[in-house]
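Participant: structure of the sequence below:
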Amino acid sequence: MSRPRNPALRTAALSLGALLILVTPLVALLPGPVGIFTFAGGAGLVLQNSRWAKYQFARGKRRFPRTGRLADRALRRASARRRRAREQAAASVD
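Facilitator: Down below sits the predicted model:
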């Protein structure tokens, strides 16, 4: 999903993401893995539209690199794909 350029759309996407994160505990009571997808969708929207959230996410990834890699893969972040390709290229050269 590309970032909305219009500030109103960006605010709406950020609000929707925050709402999805807040609703996650209620949805998690339903049978099945619905809560995981709700949280991941909300986290993705918030990370795309909030500089503060990006900073906190990067800070957490530095502190807990293993968990950060898992979160990157779960959120299908482009940076995770680039990093994985770079690591594979470096491993094949050695």
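
Participant: I'd like the distance between Q48 and G68.
Facilitator: Plainly put, Q48 is 17 Å away from G68 if you go by Cβ to Cβ, to the nearest Å. Quick note: C-beta positions are derived from backbone N, CA and C, even for glycine.

Participant: report the backbone C-alpha coordinates of the helix or strand bottoming out on mean pLDDT in the chain in CSV.
Facilitator: Lowest by mean pLDDT, DSSP states H and E among the helices and strands of the chain is helix 65-75, with a mean of 78. Output of helix 65-75 as CSV, limited to C-alpha atoms (Å, rounded to 0.1, in the frame of the first residue of the first chain):
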residue,chain,number,x,y,z
PRO,A,65,17.2,-7.4,16.7
ARG,A,66,15.8,-10.9,16.6
THR,A,67,12.3,-9.7,17.3
GLY,A,68,12.8,-6.8,14.9
ARG,A,69,13.6,-9.2,12.1
LEU,A,70,10.4,-11.2,12.8
ALA,A,71,8.3,-8.0,12.9
ASP,A,72,9.8,-6.9,9.6
ARG,A,73,9.0,-10.2,8.0
ALA,A,74,5.5,-10.2,9.4
LEU,A,75,4.8,-6.7,8.2
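
Participant: burial measure for L19, as a count.
Facilitator: Residues within reach of L19, counting by other Cβ atoms under 10 Å, total 13.

Participant: run the chain-centre distance for the helix or strand it falls within.
Facilitator: Using DSSP states H and E, L19 sits in helix 7-27. When C-alpha coordinates are averaged (Cα atoms, centre = their mean, to the nearest Å), helix 7-27 and its chain have centres 13 Å apart.

Participant: any weak-confidence spans in the protein?
Facilitator: Per-residue confidence for the chain (pLDDT under 70) gives these ranges: 1-4, 75, 94.

Participant: one step back: following element in sequence after the least confident helix or strand of the chain, please.
Facilitator: helix 78-93.

Participant: counting contacts, what elements does that next one pack onto?
Facilitator: Contacts defined by 3 or more Cβ pairs under 8 Å, 6 or more residues apart in numbering; DSSP states H and E place helix 78-93 against helix 65-75.
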